[in-house]
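**Q** What follows is a predicted protein model with its sequence.
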Amino acid sequence: MSKMFKKFEFFLFLVIVALIVFFAFSTENFFTLENLLDLLISYSFLGIMAAGMLVVLISGGIDLSFTAIATVAQYIMAIVIINYSGNLFSAFLVAGIIGIVLGGTNALLIYYLKAPAMIITIATLNLFYGFTIFITRGRWIYNFPDWFNQSHNVFSFTAADGTYYGIPLPVILLVLVFILTYIILKYTILGRKIFAMGGNIEAARRAGFNILGLTIFVYSYIGFLSGIGSVGQVLILHSVQPNAIVGRELEVIAATVLGGASLAGGAGSVLGTAMGVALLAIVWNGLIIMGVSSYWHKLIIGLIIICSVGINAYNRKRNALGGN
């Protein structure tokens with residue numbers, strides 16, 4: 001019990017519960033099944049991206065180009081299935097491969113140029129996104145095949161009041177991505193190597209770790225999830241919008257850091273990241289329902305992030321001193 005109280009995720013859980021109670025009593029529409037499902041669906045893309053960002057941050061890196069990778073993957077996937085038909089598997093396959101290729105490109109540039117990952121990925125963010133906008137002229141894509149636009153509910157049920165609800169594929173993807181990321185980080189040698197590289201890359205290199213291989217994996221992984229998540233978003237919006245994803249980088253990083261991941265590397269958890277995404281989603285949705293001006297949203301979320309990082313830093317310092 002004492003170990004649980006020392007965990008950052010426990011404090012984050014208390015904050016989430018307090019926010020849910022506050023918004024539930026402040027508005028009638030927040031704590032409804034319909035709103036909670038809409039919240040889960042709307043933030044499934046951000047959650048998938050946050051899982052990829054978690055792996056990159058743990059490794060000691062950072063990626064700011066994943067939104068551009070997702071945009072490129074969306075466009076190429078849309079062009080392929082519209083012109084050559086296919087099925088959902090081929091849509092995810094095309095987007096996933098594009099994500100891996102572009103993510104791997106980031107890794108190679110970071111490793112061989114020996115430049116900070118932030119600088120490289122800012123450059124590739126503009127390169128990937130700018131090239132896409134130049135080629136497509138920023139056109140939206142709507143004319144998807146009927147099989148793609150139909151409802152892809154994996155589970156469905158009818159509530160007591162007779163309302164029909166469905167759990168769409170993007171939500172299932174979110175759950176599967178969190179499970180996969182948890183298994184990689186918790187139960188594989190690869191995951192332990194990623195933590196070690198983020199903790200001290202020089203020590204990891206001296207220990208004989210393949211730093212190039214690890215770097216390629218973590219950036220290809222977030223690229224892969226960017227591609228997968230982008231298809232999930234298209235399934236929700238039924239369109240490809242060039243300006244729908246780029247610009248959300250800080251949201252994803254904020255959710256991951258809120259969950260306890262360290263920008264210095266070597267620390268983070270899937271549970272914490274899931275809670276970070278949930279906290280952001282709850283605050284954003286609750287403020288909208290309460291009618292709070294959008295000008296206050298980023299201010300309030302910024303204050304929450306500062307408090308969260310402060311508590312996390314305090315807990316780490318306390319644990320380092322033996323809990324005294």
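**A** Nice, I can see it.
**Q** what's the pLDDT at Ile97?
**A** Reported pLDDT at Ile97 in the predicted model: 95.
**Q** That one - nearest residue in space that isn't next to it in sequence?
**A** The shortest distance from Ile97 to any residue that is not its chain neighbour, by C-beta to C-beta, 6 or more residues apart in numbering, is 7.3 Å, and that residue is Gly227. Placement of C-beta: from N, CA and C, glycine included.
**Q** Hmm, Gly96 and the one you found touching each other?
**A** Yes: the pair Gly227 and Gly96 qualifies as a contact (C-beta atoms under 8 Å) at a distance of 4.5 Å.
**Q** Between these two, which has more neighbouring residues?
**A** Taking Gly227 and Gly96 together and counting by other C-beta atoms under 10 Å, Gly227 has the greater number of neighbours (30 against 20).
**Q** what's the spacing between Ser59 and Leu46?
**A** Look at Ser59 and Leu46: by C-beta to C-beta, to the nearest Å, they are 20 Å apart.
**Q** thinking again about what came up before, who touches both of Gly227 and Gly96?
**A** Both Gly227 and Gly96 are in contact with Ala73, where contact means C-beta atoms under 8 Å, 6 or more residues apart in numbering.
**Q** the more surrounded of Ser59 and Leu46?
**A** The residue with the greater number of neighbours, taking Ser59 and Leu46 and applying other C-beta under 10 Å, is Ser59; the counts read 28 against 21.
**Q** quick one, phi/psi of the more buried one?
**A** Phi and psi for Ser59, reported as degrees, to the nearest 10, are phi -70, psi -10.
**Q** Report pLDDT for it.
**A** Model confidence at Ser59, expressed as pLDDT, equals 91.
**Q** tell me the contacts of it?
**A** So, once contact is read as C-beta under 8 Å, 6+ apart, Ser59 ends up touching Ile194, Met197, Gly198, Leu214, Thr215, Val218, Gly265.
**Q** let's go with 10 Å and repeat that
**A** Residues near Ser59 by C-beta atoms under 10 Å, 6 or more residues apart in numbering: 117, 193-199, 201, 204, 211, 214-215, 217-219, 221, 265-266, 268.
**Q** now swap in Phe144 and tell me
**A** The contact partners of Phe144, by C-beta under 10 Å, 6+ apart, come to Ala78, Ile81, Ile82, Ala91, Gln150, Val234, Leu235, His238, Ser239, Val240.
**Q** secondary structure class for it?
**A** Here Phe144 is coil, with the state taken from DSSP: H, G, I helix; E, B strand; the rest coil.
**Q** Let me know the pLDDT of it.
**A** For Phe144, the pLDDT comes out at 85.
**Q** Next: the one 10 residues further on.
**A** Reported pLDDT at Val154 in the predicted model: 73.
**Q** That one: what's it in contact with?
**A** Gly166, Ile167, Pro168, Leu169, Pro170, Val171, Ile172, Leu173.
**Q** Of the contacts of Ser59, which belong to helices?
**A** Secondary structure assignment by DSSP state H places 117, 193-199, 201, 204, 211, 214-215, 217-219, 221 of the contacts of Ser59 in helices.
**Q** Okay, now the unreliable bits of the stretch 101-250 of the chain?
**A** Residues of the stretch 101-250 of the chain meeting the criterion pLDDT under 70: 159-162.
**Q** how about the strands in it?
**A** With strands called from DSSP state E, counting those that start in this stretch, the stretch 101-250 of the chain shows them at 153-158, 164-168.
**Q** could you dump the ones you listed to JSON lines with distance to Met275?
**A** Rendered in JSON lines, the data for the strands of the stretch 101-250 of the chain read as follows (distance: least, C-beta to C-beta, whole Å):
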{"stretch": "strand 153-158", "distance to Met275": "23"}
{"stretch": "strand 164-168", "distance to Met275": "21"}
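**Q** for these, which one sits closest to Asn106?
**A** When those are ranked by distance to Asn106, counting by C-beta to C-beta, first place goes to strand 164-168 at 30.0 Å.
**Q** what does that closest one contact?
**A** Contacts of strand 164-168 from elsewhere in the structure, counted by C-beta under 10 Å, 6+ apart, are 33-34, 37, 40-41, 44, 151-159, 175, 232, 235-236.
**Q** Could you pull up the residues touching the residue nearest to Tyr221 when sequence neighbours are not counted?
**A** The shortest distance from Tyr221 to any residue that is not its chain neighbour, by C-beta to C-beta, 6+ apart, is 5.4 Å, and that residue is Val55. For Val55, the set of contacting residues under the criterion of C-beta under 10 Å, 6+ apart consists of 61, 63, 181, 184-185, 191, 194, 198, 217-219, 221-222, 225, 256, 261, 268, 270, 273.
**Q** Same list, the contacts of Val154, but as TSV with distance to Ile135 and neighbour count please.
**A** What follows is these, written out as TSV (distance: C-beta to C-beta, whole Å; neighbours: other C-beta atoms under 10 Å):
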residue	distance to Ile135	neighbour count
Gly166	35	15
Ile167	36	16
Pro168	30	20
Leu169	28	19
Pro170	27	25
Val171	32	21
Ile172	32	16
Leu173	27	22
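**Q** now, which of those sits nearest Arg139?
**A** Each of those was checked against Arg139 using C-beta to C-beta; the closest is Pro170, at 23.7 Å.
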